[in-house]
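# what follows is a protein structure lacking sequence information:
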């Protein structure tokens with residue numbers, strides 16, 4: 001299962017039923033769980049831990065040093081869960097001391113080709129990052145996020161669950177749960193209705209009402225969200241409101257509705 005041209009340094013831990021392709025390189029501090037498929041010309045270096053059933057395609061580079069001028073070779077790590085797919089030419093940086101020392105992936109994420117994910121990012125579960133996306137450092141993506149092709153995300157941005165960006169978007173502020181954005185700079189375009197219908201159908205009407213109240217009333221989004229948290233009984237509505245209240249970078253600018261014109 002390990003090609004004769006692959007280089008695996010002493011100290012690396014390789015699980016059961018792992019396939020490693022030609023000319024791939026695994027450094028000494030890497031730990032790879034069972035049933036992983038590692039393609040040709042893959043580099044996995046540094047203190048990188050990979051769970052089970054991941055598929056890492058050719059020319060991926062996992063655990064590379066942060067592209068951060070403050071990084072001086074300190075010990076940090078990359079942690080990857082189970083059932084993730086990393087397509088060709090993805091580059092995933094390990095963490096930095098200032099960011100907690102860890103870049104972390106959950107489970108069942110799809111990272112398409114030519115994606116860069118910077119240091120200290122945290123991706124939860126079931127996210128899809130389409131080809132050509134660039135994520136700066138310290139970004140958090142909650143469950144079931146989709147980033148359209150060539151999306152750029154500024155460092156320290158947070159993206160809520162079931163949120164989605166259109167291709168070519170540039171996010172410099174936080175993207176609320178269940179919402180869609182597009183443009184450079186990104187603008188809110190409404191709820192991710194398709195995603196909600198597929199996975200959270202019972203919550204769609206309460207979310208529509210809450211979204212309209214928070215983003216289209218013309219009043220302070222944070223104050224409205226605080227009031228919604230006090231009175232709402234829908235868990236998704238509460239999560240949307242809490243996201244708005246707790247944002248640190250602010251919310252991406254809202255779209256102009258017909259009522260505003």
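Arrived safely. Since we're looking at a predicted model, the values are computed, not measured.
# all helices for the stretch 51-200 of the chain, in order.
Remark: helices assigned in the stretch 51-200 of the chain by DSSP state H, counting those that start in this stretch are 193-199.
# where does pLDDT dip in it?
Low-confidence segments of the stretch 51-200 of the chain, defined by pLDDT under 70, are absent.
# and with 90 instead?
Low-confidence segments of the stretch 51-200 of the chain, defined by pLDDT under 90, span residues 70, 98-99.
# list the contacts of residue 160.
Counting by CB atoms under 8 Å, 6 or more residues apart in numbering, residue 160 touches 142, 145, 174, 175, 176, 177, 178, 179, 239, 240, 243. (Each C-beta comes from the backbone N, C-alpha and C, glycine too.)
# just checking, the third one touches residue 251?
Yes: Residue 174 is in contact with residue 251 according to CB atoms under 8 Å; the separation is 5.7 Å.
# for burial, what's the neighbour tally of residue 248?
Look at residue 248: counted by other CB atoms under 10 Å, it has 9 neighbours.
# can you check residue 107 too?
Neighbourhood size, residue 107 [other CB under 10 Å]: 19.
# please apply the same query to the one 3 residues further on.
Other residues lying near residue 110 total 17 when counted by other CB under 10 Å.
# that one and residue 123 touch, don't they?
No: between residue 110 and residue 123 there is no contact under CB under 8 Å: 10.7 Å.
# now do the end-to-end distance for stretch 112-123.
Using CA to CA, to the nearest Å, the end-to-end distance of stretch 112-123 comes to 14 Å.
# shouldn't residue 243 be within a helix?
Yes: applying DSSP: H, G, I helix; E, B strand; the rest coil, one finds residue 243 inside a helix.
# tell me the contacts of it?
158, 160, 174, 176, 177.
# and what of residue 196?
Contact analysis of residue 196 by CB under 8 Å, 6+ apart lists 162, 178, 203, 204, 207.
# how about residue 13?
30, 31, 32.
# can you rerun that using 6 Å?
residue 31 (CB atoms under 6 Å, 6 or more residues apart in numbering).
# beta partners for it?
residue 31 (DSSP bridges).
# next: residue 80.
In this entry, residue 80 is beta-bridged to residue 50, residue 105, by DSSP bridges.
# from residue 189, how far off is it?
As defined by CB to CB, to the nearest Å, residue 80 lies at a distance of 32 Å from residue 189.
# what about those two, which has more around it?
residue 80 (26 against 18).
# wait, the more buried one touches residue 105, no?
Yes: because the distance of 4.5 Å satisfies CB atoms under 6 Å, residue 80 is recorded as touching residue 105.
# after the helix or strand encompassing residue 214, heading C-terminal, what element do we hit next?
Using DSSP states H and E, residue 214 sits in helix 204-216. The first helix or strand that comes after helix 204-216 along the chain, using DSSP H and E, is helix 221-231.
# show me what that following helix is in contact with.
210, 213, 214, 238, 241, 244, 245.
# pull out the buried positions in that helix.
If you call a residue buried by 16 or more other CB atoms under 10 Å, then helix 221-231 has these buried ones: 221, 224, 225, 228, 229.
# related to what we said a few turns ago, show me the contacts of residue 160 that map onto strands.
Under the assignment DSSP state E, those contribute residue 179 to strands.
# and which of the contacts of residue 243 is nearest to residue 8?
For the contacts of residue 243, the residue nearest residue 8 by CB to CB is residue 158; the value is 37.1 Å.
# does the closest one touch residue 175 like I think?
No: between residue 158 and residue 175 there is no contact under CB under 6 Å: 7.7 Å.
# who's more crowded, the two?
Taking other CB under 10 Å, residue 158 and residue 175 do not tie; residue 175 has more neighbours (28 against 23).
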